[in-house]
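Fold the following and give me the result.
(one chain, ligands or ions: 2)
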Amino acid sequence: MFGFIKKSLQNVYNQFTAKISSFFNKDVIDETALQDLERILLVSDVGIKTTQHIMQQLRSKNIQNGAALHQAMHDLLYDIITSVPVPAVQQVPAVFLMVGINGSGKTTTIGKLAAWWTLQGKKVLVVAADTFRAAAVAQLEQWVEKNGATFFAGAAKEPAAVVYEGCDQFLQGQYDVLLIDTAGRLQTKTSLMQELGKIKRIIAKKITSVPVYTMLTLDGMLGQNSFEQAKLFKEATDVSGVVLTKMDGTGKGGIIFSVLSELAMPVLYITYGEQVNDIAIFDGKKYVQELLEKV
Ligand SMILES: Nc1nc2c(ncn2[C@@H]2O[C@H](COP(=O)(O)OP(=O)(O)OP(=O)(O)O)[C@@H](O)[C@H]2O)c(=O)[nH]1
Ligand SMILES: [Mg+2]
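Ligands and ions are numbered 1, 2, ... in the order given. Here you go, the predicted structure:
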């Protein structure tokens, strides 16, 4: 039953699931137990607003025992998980633009996705539009070539120009998947955000035949500290969904619910390590089910 969380997200299992499941065996759920539960939700990054919503719903249902609490929690978290529509990012041909702040895991995630799509028998082109650092380009090239996808860095120095050429190559080479890596940027740097807008306009102009998605990497270890940034990215670039990275480094599995309910963005993938296979398509229903399993 615990294939997904116990295997891939051990910290979440050992912390969040272990703590929360202790309530489900209780014969009596009283106000003290509800307050304890509320504290656990808060420290697990579920977020103040979402926690208040959950607690208010639980109180209004007049929960008496652990079994009823289990069912109610399942229903509430399930509602949150299904509240935001998930775009069809598993259907290719498609273009994926990866954005996010410095070090949030864009390049690593691109490498993992390139390997994964290649394994599915798809023809994959990776474009390195992170031209700010030579090391970043080399890092991505290593990842990509190891796994059999095609790498394109382009002769052009300007990111928008690299993207322009990369789009041409994608169209001419009849690729299934185009993955575009961008430089890490702080949302405060207006010029970098404007550059992102320029990149998006170029893609939209060049590629009209297949869907284009913008994926935002959010560092799961930073928790809600990254939400202000996420909101600014959302305003600037019309984000299609989130890749929650570094989930191996946190036991706070609640971040997924606050991304959904407070940012209203779907979680598309989670990553949980630095190896090529440490990525999973996020399955919200399965996540809720396993998260609330009795330990
Ligand atoms: N533990 C863990 N580390 C990760 C994960 N994803 C990425 N990292 C590490 O996080 C660091 C930053 O990852 P990058 O992929 O370079 O991040 P980036 O967003 O491309 O960074 P910039 O290009 O500098 O903006 C690297 O040391 C990665 O190995 C993950 O899922 N788990
Ligand atoms: Mg990078």
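
which ones are touching whichever residue of the stretch 51-200 of the chain sits closest to ligand 1?
Per C-beta to the nearest ligand atom, residue 184 is where the stretch 51-200 of the chain lies closest to ligand 1, at 1.9 Å. The C-beta positions use only the backbone N, C-alpha and C, and glycine is treated the same way. Applying C-beta atoms under 8 Å, 6 or more residues apart in numbering to residue 184 gives the contacts 100-104, 106, 130.

try it again with 7 Å
100-104, 106 (C-beta atoms under 7 Å, 6 or more residues apart in numbering).

Is it in a helix, a strand, or coil?
coil (DSSP: H, G, I helix; E, B strand; the rest coil).

What's the separation between it and ligand 2?
Remark: distance between residue 184 and ligand 2 (C-beta to the ion, to the nearest Å) = 6 Å.

now do the same end-to-end measure for stretch 62-69.
By C-alpha to C-alpha, to the nearest Å, the extent of stretch 62-69 from end to end equals 10 Å.

And stretch 21-30, by the same measure?
16 Å.

just stretch 275-285 next, same as before
Taking C-alpha to C-alpha, stretch 275-285 runs 25 Å from one end to the other.

Off-centre distance for that stretch?
Distance of stretch 275-285 from the chain centroid (C-alpha atoms, centre = their mean, to the nearest Å) equals 9 Å.

residues making contact with it?
Residues outside stretch 275-285 that contact it (C-beta under 7 Å, 6+ apart) are 4, 8, 78, 81-82, 90, 109, 111-112, 115-116, 147, 267-272.

From the residues you listed, list the buried ones, please.
In these, burial by neighbour count holds for 4, 8, 78, 81, 109, 111-112, 115-116, 147, 267-272, counting by 16 or more other C-beta atoms under 10 Å.

Can you name the helix or strand that residue 54 falls in?
Here residue 54 is covered by helix 48-60, with elements defined by DSSP states H and E.

Can you list the buried residues in that helix?
50-51, 53-55, 58.

mind giving me a markdown table with the residues you listed and columns for distance to residue 220 and pLDDT?
Below are those laid out as a markdown table (distance: C-beta to C-beta, whole Å; pLDDT from 0 to 100):
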| residue | distance to residue 220 | pLDDT |
| --- | --- | --- |
| 50 | 16 | 94 |
| 51 | 18 | 96 |
| 53 | 21 | 96 |
| 54 | 20 | 96 |
| 55 | 24 | 97 |
| 58 | 26 | 96 |
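
Can you name the residues of the stretch 101-250 of the chain that neighbour ligand 1?
102-108, 130, 136, 184, 217, 245-246, 248-249 (C-beta under 6 Å from any ligand atom).

tell me the centre residue of this structure?
residue 243 (1.8 Å; C-alpha atoms, centre = their mean).

what about the helix or strand hosting it and ligand 2, any contact?
Taking DSSP H and E as the criterion, residue 243 maps to strand 241-245. No: judged by C-beta under 5 Å from the ion, strand 241-245 stays clear of ligand 2, getting no closer than 11.5 Å.

Count the residues that sit near whatever residue of the stretch 51-200 of the chain ends up closest to ligand 2.
Residue of the stretch 51-200 of the chain nearest ligand 2, by C-beta to the ion: residue 107 (3.2 Å). Neighbours of residue 107 under the rule other C-beta atoms under 10 Å: 25.

so what's it up against?
136, 139-140, 181.

Need the pLDDT of it.
With respect to pLDDT, residue 107 scores 91.

Same check on residue 143?
Here the pLDDT value assigned to residue 143 is 81.

Over to it: give its phi and psi.
With angles defined as degrees, to the nearest 10, residue 143 sits at phi -60, psi -50.

just to revisit the earlier point, out of the buried ones among the contacts of stretch 275-285, which are inside strands?
267-271 (DSSP state E).
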